[in-house]
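Undergrad: When you get a sec, could you give me coordinates for this:
(2 chains)
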Amino acid sequence: NAGVTQTPKFQVLKTGQSMTLQCAQDMNHNSMYWYRQDPGMGLRLIYYSASEGTTDKGEVPNGYNVSRLNKREFSLRLESAAPSQTSVYFCASSGSFVADTQYFGPGTRLTVL
Amino acid sequence: AQTVTQSQPEMSVQEAETVTLSCTYDTSESDYYLFWYKQPPSRQMILVIRQEAYKQQNATENRFSVNFQKAAKSFSLKISDSQLGDAAMYFCAYRSARGGSEKLVFGKGTKLTVNP
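TA: Here you go, the predicted structure:
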């Protein structure tokens, strides 16, 4: 069971470069999320998609865009990377109901120089 | 806004002993969900246990149990018979039951060391 997968696992960018983080889930979940984790902090929500075709901002959306490509895939794009975006990025998915647990991918460690 | 506080940045326990990790939260809502996630060095966030606020009975999952005190807004995790594989960061998280409240609110985590 793959669950939630993310690519790449590691990435180094220079300031101003762009990149897209990919996320896919095989659990037939409707909702998907992107979080970032910074040292000494818990995870903070960047964007989420409650269902295919919808996306909404979370707590820290500035500097990011997202695309819900289909029910399985939810990508996160950094158009012009900044050192403040150095972080570990997690994708998660859950069913449609608020009671449903969120399941996380393995994370992507991104460094912006 | 809801907040989650984990007051113990680090804890240690001897193998086979019991340890309790603390979590408090602040909310004005009456219906919500609470979670403990484990993050080993592999970085993977793994669900350990969850608790529904409307349930008075404390959740248990094998060696893991919680002490949920709704009035005190406290949600501690007890790990019994600690094993070396329990060493990890542990995060307490809150989620509102209100529709449209999608995010999990996380504490800053507690690093658990298990000594052989």
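Undergrad: contacts and neighbour counts: CA atoms only from here.
TA: Fine.
Undergrad: State the pLDDT value of the residue nearest the centre of chain A.
TA: Nearest to the geometric centre of chain A sits residue A:34, at 2.8 Å (C-alpha atoms, centre = their mean). With respect to pLDDT, residue A:34 scores 96.
Undergrad: go on, the one 10 residues further on?
TA: Reported pLDDT at residue A:44 in the predicted model: 93.
Undergrad: Which helix or which strand is home to it?
TA: Following DSSP states H and E, one finds residue A:44 within strand A:43-49.
Undergrad: Could you point out the helix or strand that follows that strand?
TA: strand A:56-57.
Undergrad: Ignoring the adjacent residues along the chain, who's closest to residue A:9?
TA: Of all residues not flanking residue A:9 in the chain, residue A:108 sits nearest, at 4.5 Å (C-alpha to C-alpha, 6 or more residues apart in numbering or on different chains).
Undergrad: wait, that neighbour sits on residue A:90?
TA: Yes. Taking C-alpha atoms under 8 Å as the definition, residue A:108 is a contact partner of residue A:90 at 6.6 Å.
Undergrad: Please identify the residues of chain B in proximity to chain A?
TA: Within chain B, the positions near chain A by C-alpha under 8 Å from any C-alpha of the partner chain are B:33, B:42-47, B:91, B:96-99, B:101-109.
Undergrad: Generate a ChimeraX selection restricted to the buried subset of those.
TA: Burial among the residues of chain B next to chain A is assessed by 16 or more other C-alpha atoms under 10 Å in any protein chain shown; the matching ChimeraX selection reads:
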select /B:33,43,44,45,46,47,91,96,97,102,103,104,105,106,107,108,109
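Undergrad: State the distance from residue B:94 to chain A.
TA: Counting by C-alpha to the nearest C-alpha, to the nearest Å, the gap from residue B:94 to chain A is 11 Å.
Undergrad: so the closest residue in space to residue B:12 that isn't next to it in sequence is in which element?
TA: Closest residue to residue B:12 apart from its sequence neighbours, by C-alpha to C-alpha, 6+ apart: residue B:113 at 4.6 Å. Residue B:113 is located in strand B:110-115, with elements delineated by DSSP H and E.
Undergrad: do stretch A:13-29 and chain B meet at all?
TA: No. If you take C-alpha under 8 Å from any C-alpha as the test, stretch A:13-29 misses chain B, and the best it gets is 13.9 Å.
Undergrad: Ends of that stretch, what's the gap?
TA: One end of stretch A:13-29 sits 31 Å from the other (C-alpha to C-alpha, to the nearest Å).
Undergrad: cool, stretch B:72-89 as well?
TA: 24 Å.
Undergrad: give me the number of residues near residue A:28?
TA: 12 (other C-alpha atoms under 10 Å in any protein chain shown).
Undergrad: The one 4 residues further on too?
TA: For residue A:32, the count of nearby residues is 32 (other C-alpha under 10 Å).
Undergrad: That one against residue A:50, yeah?
TA: Yes. Assessed by C-alpha under 8 Å, residue A:32 is found in contact with residue A:50 at 6.5 Å.
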